[in-house]
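1. Following is a predicted model, sequence given first.
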Amino acid sequence: EVCRTYEEVSDGVDLVLIADCNYDGSDHLKLAEPGLRKGVPTFVDKPLGFEVKDARAIIELAKANDTPLYSSSILSTVPHAARFRDRIPEIGEAQFGIVRGGGPNFAGQVHAIALALHVFGGGVERVDSMGGGPLAYVHLDWGRREGRPRDGVVLNCRGGGMSTHSGFFVSAFSDRGGIHSESIDSYTYVHGAALIVEKIKDMVRTGKPPVDYDRMLEPIAVATAARLSHAERRPVTMEGVLGRK
């Protein structure tokens, strides 16, 4: 059915998909608002928003209207990343890590953040941006959080250009050695996409978000912290960005 206005698009449907994944997410609040206000389950392709304030506004809108919301990068679900994560005990505990890939634009860089959180875990405490752009090279620091790399993880989004088939690579190191992933790329992304579709279907059936909202917010908070770090030339705490006590 052809609609006369954008607001009509979410009338009488079971699901809204905000699918412009190749942009920076700065318009996602505007695009998601009509459906969320009507109580229509909504999937927002990555990134949930460009800044924390936008992503948080989308989440608060979903909560206020009792509307289930889901947002994810394929790198948050792809089984090949999970299998690499499960190999880390081969070297004991990961003390340091590298994620390589993402390119010059936020649409790709948010994938690198998502992959780091998928493999090494959430709960980043501090972000330090280096290099020629806010997300070119970023150090993630989990502090003394148990089960996280003691010396952090570096996102290398601008190292050597975009790899074949838009591939990402992960390495983990300890004092016992290192392990390195194969390319996580277009040949494997479909497996992550299939899992996202299953979660979307569950969301529509149950009326509940399939992932905790804090998990959806963390990649955007990391990116916001990286931009602030780059502008002010200092490490930035996630606590400061999220405004939590």
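-> Yes, it's here.
2. For this protein, which segments are assigned as helices?
-> Taking DSSP state H as the criterion, the chain carries its helices at 28-37, 52-64, 79-87, 106-120, 186-206, 213-232, 238-242.
3. could those helices go into CSV alongside mean pLDDT and mean neighbour count?
-> For the C-beta atoms, the positions are set from N, CA and C on the backbone; glycine is no exception. Formatted as CSV, those follow (pLDDT from 0 to 100; neighbours: other Cβ atoms under 10 Å):
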stretch, mean pLDDT, mean neighbour count
helix 28-37, 96, 20
helix 52-64, 96, 18
helix 79-87, 97, 16
helix 106-120, 96, 25
helix 186-206, 97, 15
helix 213-232, 97, 21
helix 238-242, 93, 17
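4. Residue 19: which of those helices is closest?
-> Nearest to residue 19 among those is helix 28-37 (9.6 Å), distances taken as Cβ to Cβ.
5. hmm, who's touching that closest one?
-> Contacts of helix 28-37 from elsewhere in the structure, counted by Cβ atoms under 8 Å, 6 or more residues apart in numbering, are 6-7, 9-10, 13, 16, 18, 20, 42, 44, 47-50, 54, 57-58, 61-62, 65, 67, 69.
6. Which entries within these meet the buried criterion?
-> Buried members of these, scored by 16 or more other Cβ atoms under 10 Å, are 10, 16, 18, 42, 44, 47-50, 54, 57-58, 61-62, 67, 69.
7. what's the closest of those residues to residue 26?
-> Within the buried ones among the contacts of helix 28-37, the smallest distance to residue 26 is 4.1 Å, found for residue 50 (Cβ to Cβ).
8. Setting aside sequence neighbours, what's the nearest residue to that closest one?
-> Spatial nearest neighbour of residue 50, excluding adjacent residues (Cβ to Cβ, 6 or more residues apart in numbering): residue 26 at 4.1 Å.
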